[in-house]
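In: I would like to see how this sequence folds:
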Amino acid sequence: MRLRYFLFLLIFATTAAHANYTSPGTGVRWSIADLVTNANGNISFASGVYTVNDTIFISATDTLQILADATVKFAAATHFHVFGTLIINPPSSVIFTPVDVSARFNGIRVESSHSTVLRKLTMEYANAVWLFDSNIRIDSCVFRNNTAQTTFGNGAISLFRSSPVITNSQFIDNHRAAVTGGANINNAPTIIGCLFSNNNTMNLNVPQINLGSTGNGTDTVKILNNRIVGGPLMAGAIGFLPVGGSVYAVISGNLIKNNRYGISLNGGANINTLISYNVIDSNNIQNDPNLGGSGIAFTGGTATSHQNSVVTGNFFRGNLWGITIQQRAQPILGNITNTDTTDDGKNIFIGNTNATTPFIDLYNNTVDSIYAQNNYWGTTEPNAVEARIFHTPDNASLGFVNYLPFMNSSPLPSGLLRFSGQLLTNEVYLSWKTASLTDKVFEIEKSTDGQRFSRIGTIAVNGTSTTARDYNYTDRTPGKNSKLYYRLKTIDRDNQVSYSGVLVIKLQNEMGSHVKVYPTVILGPGQVTAEITSNQQQPVTVRWLAADGSVVATSLKELVKGRNQVFLAVPGQLKSGTFVLQFICRDLQESLQVVKLW
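Out: Numbering: from 1, shown residues only. Just a heads-up that it's a prediction; the model follows:
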């Protein structure tokens, strides 16, 4: 499988600009009306509208204030160029717009200014707010329909060695990224409570927030509590691709929905991120799994340089994949074996799927072992959890995902506390538990490909309930497919419809063989017994795996057709803890958890 995530690399170069008027540089604190008086006709006022006729430079010691509501129109290719301070803070709004929409103005360029404040500004049909070495404040602003011009910024907010604080603002229908920084330039914006919608209308391979390096750890990008939704076909949500630098970022509490992909992180040990408690939903709009569609895509790294990325508490739903990992990235998706509580998993995966690999929540396309403990995978059945993770059992050349233990519960719709299933001989037994509810009917739906579901049964609910209730349904004709997919459709008394997560059932005839191990709790040295049913004579490789996925011991056993009883000595080097016994042969790939107490 090839996944390609391209971020446009921006290498900024400063260019000279001609100033038609420059403020006196004597510490003046002017209003825009004062500028009309003093700027020699380069800004005028008529019929309630200010018009900027040529570029205005604000000198290093001077301040321009716009504290009243105003409309300011700019002639083509003009801008405010701020070396001093620009303060925009009206009661309601200031609008920066062009004289002629077809002849855009440049926007605002701020250099070496930390005192500039943009509040309640709407800037439209310009190029950019371009920041050079400036840590300004942007609050409650709207940036819409701004275009891309490489000689004056490449996004609505273009950064060069700058760390602005951007809050409560809206970025809508801009031609390229909403916020962008050079791949080789350190920028560390703080972005809180903003809306990003339909940016990258040029439909290039660019995310709505497109950043490179952030610095050496003294500066951290914070992307918190934003809505990043509804980009064009090629637009991702958030991307980091540093060149020659490092990334330090916290991405938390965001709604990331209906983009080509959610978050893309490319690099090795230079990537240091905490991705927590985001809703990452339906990032699948291109619908081509070879080109995108991951909730989070980790790429890059080497054998000695892995990412320092932690993913915890996120909700992944309706993406082509939940998470994909490539090359040697090796993020931590849940590790409860250490004393650190910030990496304890708690991610929820529901209904991530694509036509090529249906219902794979986690695709480990690397040789590395991955920690993914203490997450919820849309089911409480161990075999169904295994079916939602692509790793060593699916391809022996890939690294092992240590997903045990997993969470046994998750918030589910319509008071659904549990939905599980198991294969019993030639039938599939489905069961579910509800809290108090007012539903009137459950429809059981089934799919053989994970894409197209059809109803196979209906269970009516008699009356309302104030206590938990258990329900079940048996599919007596599961068929001969290797995997089956089930979901519950709930219809309440107001005829509102909701769906459970998809339950994946692996049929035994997929592997042709089955294995059971006992005891699963080992007291000291000794042996465990594996009962293996094989449909042919064949060798089986048995591996003991430590919690980090490393191989502790390997043995080779011969199976006969039918039932086998295999005795496995507990390796002497096995210390106390949780381990995985892995069985691999021509028609069997199964991993079972065992615990050694001493």
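In: Quick one: distance of stretch 214-233 to the chain centre.
Out: Relative to the centre of its chain, stretch 214-233 is centred 11 Å away, using CA atoms, centre = their mean, to the nearest Å.
In: Buried ones in that stretch, by neighbour count?
Out: 214-215, 219-232 (16 or more other CB atoms under 10 Å). C-betas here are computed from N, CA, C, even on glycine.
In: Output that stretch as CSV - backbone C-alpha positions only.
Out: Extracted C-alpha coordinates of stretch 214-233, given in CSV (Å, rounded to 0.1, in the frame of the first residue of the first chain):
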residue,chain,number,x,y,z
THR,A,214,8.8,25.2,14.8
GLY,A,215,12.1,25.7,16.7
ASN,A,216,14.3,23.9,19.2
GLY,A,217,11.7,23.2,21.8
THR,A,218,11.5,26.7,23.3
ASP,A,219,8.5,27.4,21.1
THR,A,220,5.6,25.0,20.7
VAL,A,221,2.8,25.2,18.1
LYS,A,222,-0.6,25.0,19.9
ILE,A,223,-3.7,24.1,17.7
LEU,A,224,-6.5,24.0,20.2
ASN,A,225,-10.3,23.8,20.1
ASN,A,226,-10.7,24.7,16.4
ARG,A,227,-13.0,23.5,13.7
ILE,A,228,-11.2,22.4,10.6
VAL,A,229,-13.8,21.3,8.1
GLY,A,230,-14.9,20.9,4.6
GLY,A,231,-11.9,21.5,2.4
PRO,A,232,-11.8,21.0,-1.4
LEU,A,233,-10.9,17.6,-2.8
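In: and after the lowest-mean-pLDDT helix or strand in the chain, which helix or strand comes next?
Out: Every helix and strand in the chain was compared by mean pLDDT, DSSP states H and E; the lowest is helix 508-511, with a mean of 43. Sequence-wise, the next helix or strand downstream of helix 508-511 (DSSP states H and E) is strand 514-518.
In: Partner strands of that next one, with direction?
Out: strand 527-534 (antiparallel) (DSSP bridges).
In: how about the strand it pairs with: buried residues?
Out: Neighbour-count burial for strand 527-534 flags 528, 530, 532, 533, 534 (criterion: 16+ other CB under 10 Å).
In: ranges for the helices of the stretch 301-450 of the chain?
Out: For the stretch 301-450 of the chain, helices defined by DSSP state H, counting those that start in this stretch occupy the ranges 382-387.
In: Sorry, wrong one. I was asking about the stretch 101-250 of the chain.
Out: Going by DSSP H, counting those that start in this stretch, the stretch 101-250 of the chain shows no helices.
In: Please give the number of neighbouring residues around residue 193.
Out: Residue 193 has 15 neighbours, counted by other CB atoms under 10 Å.
In: What of residue 244?
Out: A total of 10 residues lie near residue 244 under the criterion other CB under 10 Å.
In: Would you quantify the distance from the residue lying closest to it once chain neighbours are set aside to residue 242?
Out: Leaving aside its sequence neighbours, residue 244 sits nearest to residue 184 (CB to CB, 6 or more residues apart in numbering; 5.3 Å). To residue 242, residue 184 is 8 Å away according to CB to CB, to the nearest Å.
In: Equivalent analysis for residue 263, please.
Out: Residue 263 is 15 Å from residue 242, by CB to CB.
In: How about residue 54?
Out: Plainly put, residue 54 is 38 Å away from residue 242 if you go by CB to CB.
In: Those two - which one has more neighbours?
Out: residue 242 (25 against 18).
In: How about the contacts made by the closest residue to that one other than its chain neighbours?
Out: Leaving aside its chain neighbours, residue 242 sits nearest to residue 213 (4.1 Å; criterion: CB to CB, 6+ apart). The contact partners of residue 213, taken as CB atoms under 8 Å, 6 or more residues apart in numbering, are 181-187, 242-247.
In: Only the buried subset of those, as a PyMOL command please.
Out: Per 16+ other CB under 10 Å, the buried members of the contacts of residue 213 correspond to this PyMOL selection:
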select buried, resi 181+182+183+185+186+187+242+243+245+246+247
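In: how about CSV for the contacts of residue 213, with distance to residue 460 and pLDDT added?
Out: Compiled in CSV, the contacts of residue 213 are given as follows (distance: CB to CB, whole Å; pLDDT from 0 to 100):
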residue, distance to residue 460, pLDDT
181, 57, 95
182, 61, 93
183, 59, 94
184, 63, 94
185, 63, 94
186, 62, 96
187, 59, 96
242, 57, 95
243, 61, 94
244, 64, 90
245, 61, 92
246, 59, 95
247, 54, 96
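In: Closest one to residue 124 out of the contacts of residue 213, please.
Out: Distance to residue 124, by CB to CB, is smallest for residue 181 among the contacts of residue 213, at 22.2 Å.
In: pretty sure the closest one contacts residue 163?
Out: No: the criterion here is CB atoms under 8 Å, and residue 181 misses it with residue 163 at 9.8 Å.
In: shared neighbours, those two?
Out: The contact sets of residue 181 and residue 163 overlap at 187, 189 (CB under 8 Å, 6+ apart).
In: Kindly provide the distance from residue 60 to residue 131.
Out: 16 Å.
In: whoops, I mixed them up, residue 45
Out: From residue 45 across to residue 131, the span is 28 Å (CB to CB).
In: ok, now which ones touch residue 308?
Out: Listed by CB under 8 Å, 6+ apart, the contact set of residue 308 reads 269, 271, 272, 273.
In: and those as TSV, adding neighbour count?
Out: As requested, the contacts of residue 308 are exported to TSV (neighbours: other CB atoms under 10 Å):
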residue	neighbour count
269	16
271	26
272	19
273	26
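In: In strands, which of those appear?
Out: Members of the contacts of residue 308 lying in strands (criterion: DSSP state E): 271, 272, 273.
In: Same list, the residues you listed, but as TSV with pLDDT and distance to residue 516 please.
Out: Shown next, in TSV, are the ones in strands among the contacts of residue 308 (pLDDT from 0 to 100; distance: CB to CB, whole Å):
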residue	pLDDT	distance to residue 516
271	96	41
272	96	43
273	96	41
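In: Turn those into JSON lines, including distance to residue 169.
Out: Shown next, in JSON lines, are those (distance: CB to CB, whole Å):
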{"residue": "271", "distance to residue 169": "27"}
{"residue": "272", "distance to residue 169": "26"}
{"residue": "273", "distance to residue 169": "23"}
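In: And this structure, split by domain according to the record?
Out: With domains defined by automatic domain parsing, the chain comprises 1-18+164-410, 20-54+56-105+107-148, 413-506, 512-596.
In: so of these, which one's packed in deepest?
Out: Highest mean neighbour count among these (mean count of other CB atoms under 10 Å): domain 1-18+164-410, with a mean of 22.
In: for the residue nearest to residue 242, phi and psi?
Out: Phi and psi for residue 213, reported as degrees, to the nearest 10, are phi -70, psi 150.
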